[in-house]
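# have a look at this prediction, sequence included:
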Amino acid sequence: MLKGKFITFEGPDGAGKTTVLEMLVKDINESGIDAVFTREPGGIHIAEKIREVILNKEHTEMDSRTEALLYAAARRQHLVEKVIPSINNGKHVFCDRFIDSSLAYQGYARGIGIDEVFSINEFAINGFMPDLTLYFKIDPKTGLKRIAKNKGREINRLDLEDISFHNKVQEGYEKVISSFQERIVVINANQAIDKVLQDVKNVLKEHLHF
Ligand SMILES: Nc1ncnc2c1ncn2[C@@H]1O[C@H](COP(=O)(O)OP(=O)(O)OP(=O)(O)O)[C@@H](O)[C@H]1O
Ligand SMILES: Cc1cn([C@H]2C[C@H](O)[C@@H](COP(=O)(O)O)O2)c(=O)[nH]c1=O
């Protein structure tokens, strides 16, 4: 059987990744494409439990390396339990965040080092990288404003970091993009949502012939 593709969505908080993925579900399903939509950290029971531990606002004492290891552990379980079996069954997997988030947030913004965080993730992913990554580019301040406007959304421990942390996340992503130019496509997320969705669909058509 032909394997599915692994497509990840990345970007700062509030960039619009989840919104676009939710809009894509309908279109992809209607087009008859066999796809799975999932997220990190989470997507399966154990990883959702790890998510609760990482993002709990009360866990202010969490050490940066502990944080990096927990994200990597959730990633490993999600990969072996959900992502890899789906891809082997010919399904395309769309995932809200993956390794690039760890490189930008823990590697660069937390100051552990992008190479160090890549190393612990190599153990977790064992060579399994995305076929394509869409990076939602937005000024972090705009992303945080969008989140603040959305009263229904739960604010997590990472959202509560100050703007200098979120600016570092963006800088970290820029470094990651320059290291993986052949895999990562940049989407202008600072546009009306319908235009962002259309740009995403165009990239999927071009790269994956959807
Ligand atoms: N292009 C857009 N223009 C204006 N508002 C938007 C746009 N895209 C998303 N939003 C709004 O911004 C908020 C955050 O969007 P969303 O949750 O999709 O971002 P995200 O990238 O998944 O963020 P996070 O990674 O922090 O979960 C939501 O309230 C959403 O409705
Ligand atoms: C996978 C991953 C995520 N993060 C951060 C990024 C966000 O602030 C939260 C997840 O919340 P979302 O609403 O689902 O985007 O976690 C991270 O720091 N490192 C990672 O590897």
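That came through fine. Ligands and ions are numbered 1, 2, ... in the order given.
# burial measure for N202, as a count.
12 (other Cβ atoms under 10 Å). All C-beta atoms are positioned from the backbone trio N, CA, C, and that covers glycine.
# can you spell out which helices and strands pack onto whatever helix or strand it lives in?
Here N202, judged by DSSP states H and E, is contained in helix 193-208. Counting contacts by 3 or more Cβ pairs under 8 Å, 6 or more residues apart in numbering; DSSP states H and E, helix 193-208 packs against helix 17-30, strand 132-137, strand 184-188.
# so the longest one, near ligand 2 or not?
No - figure legend: helix 17-30 not in contact with ligand 2 (Cβ under 6 Å from any ligand atom); closest approach 6.8 Å.
# from ligand 1, how far off is R146?
Note on R146: its distance to ligand 1, by Cβ to the nearest ligand atom, to the nearest Å, is 3 Å.
# just to revisit the earlier point, want to throw the helices and strands packed on helix 193-208 into a markdown table with mean pLDDT and mean neighbour count?
Output for these, formatted as a markdown table (pLDDT from 0 to 100; neighbours: other Cβ atoms under 10 Å):
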| stretch | mean pLDDT | mean neighbour count |
| --- | --- | --- |
| helix 17-30 | 93 | 16 |
| strand 132-137 | 98 | 22 |
| strand 184-188 | 98 | 18 |
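# find the nearest non-adjacent residue to the residue nearest the centre of the chain, please.
Nearest to the mean C-alpha position of the chain, by Cα atoms, centre = their mean, lies R97 at 1.0 Å. Distances taken as Cβ to Cβ, 6 or more residues apart in numbering place E40 nearest to R97, at 4.4 Å, with adjacent residues excluded.
# ok, the one you found - contacts?
47, 71, 74-75, 78, 95-98, 101 (Cβ atoms under 8 Å, 6 or more residues apart in numbering).
# equivalent analysis for V53, please.
59, 70.
# that one - that's part of a helix, no?
Yes - under DSSP: H, G, I helix; E, B strand; the rest coil, V53 falls within a helix.
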